[in-house]
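Peer 1: Attaching a predicted model along with its sequence, questions to come.
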Amino acid sequence: MGFLAIFTQHLAKSFGQRRRTKHMTLSDLSKKLNKSVATISKYEKGEVLISIDTLVDICQILNIDIASLLPITSTE
């Protein structure tokens, strides 16, 4: 599995967990983003890449810092 696939999976899992922590349904988020429930579901499964614009919108809706969704990497 390549870097992009691993990154996408991590990002998808992270924002899906955050959405559920905020007690927001897929339907709630889809309405706020003006996207279908199926699209949001695909984002959370890592089946579709999330554009940076959509990612920023998701973070604003969930009131989270975009950096909190990114994988932690070592600087050493």
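Peer 2: That came through, no problem. Numbering: from 1, shown residues only.
Peer 1: Enumerate the positions of the longest helix seen in the chain that are buried.
Peer 2: As assigned by DSSP state H, the longest helix anywhere in the chain is helix 3-21. Of all the residues in helix 3-21, those buried under the rule 16 or more other CB atoms under 10 Å are 8, 11-12, 14-16, 18-19. Quick note: C-beta positions are derived from backbone N, CA and C, even for glycine.
Peer 1: can you give me the offset of it from its chain's centre?
Peer 2: 5 Å (CA atoms, centre = their mean, to the nearest Å).
Peer 1: ok, back up a step: let me know the closest of the buried residues of helix 3-21 to Ile64.
Peer 2: Nearest to Ile64 out of the buried residues of helix 3-21 is Arg18 (CB to CB; 5.6 Å).
Peer 1: coming back round to it: how about the buried residues of helix 3-21 in TSV, adding distance to Val48 and pLDDT?
Peer 2: Output for the buried residues of helix 3-21, formatted as TSV (distance: CB to CB, whole Å; pLDDT from 0 to 100):
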residue	distance to Val48	pLDDT
Thr8	9	81
Leu11	11	84
Ala12	9	83
Ser14	15	87
Phe15	13	85
Gly16	13	89
Arg18	18	91
Arg19	16	92
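Peer 1: Ile58: which of those residues is nearest?
Peer 2: Phe15 (5.8 Å).
Peer 1: for the closest one, what are its contacts?
Peer 2: Contact analysis of Phe15 by CB atoms under 8 Å, 6 or more residues apart in numbering lists 43-44, 50, 55, 58-59, 62, 69.
Peer 1: which of these has the weakest pLDDT?
Peer 2: In terms of pLDDT, the lowest of the contacts of Phe15 is Leu69, showing 77.
Peer 1: Excluding chain neighbours, give the residue nearest to that residue in space.
Peer 2: Leaving aside its chain neighbours, Leu69 sits nearest to Ser14 (4.3 Å; criterion: CB to CB, 6 or more residues apart in numbering).
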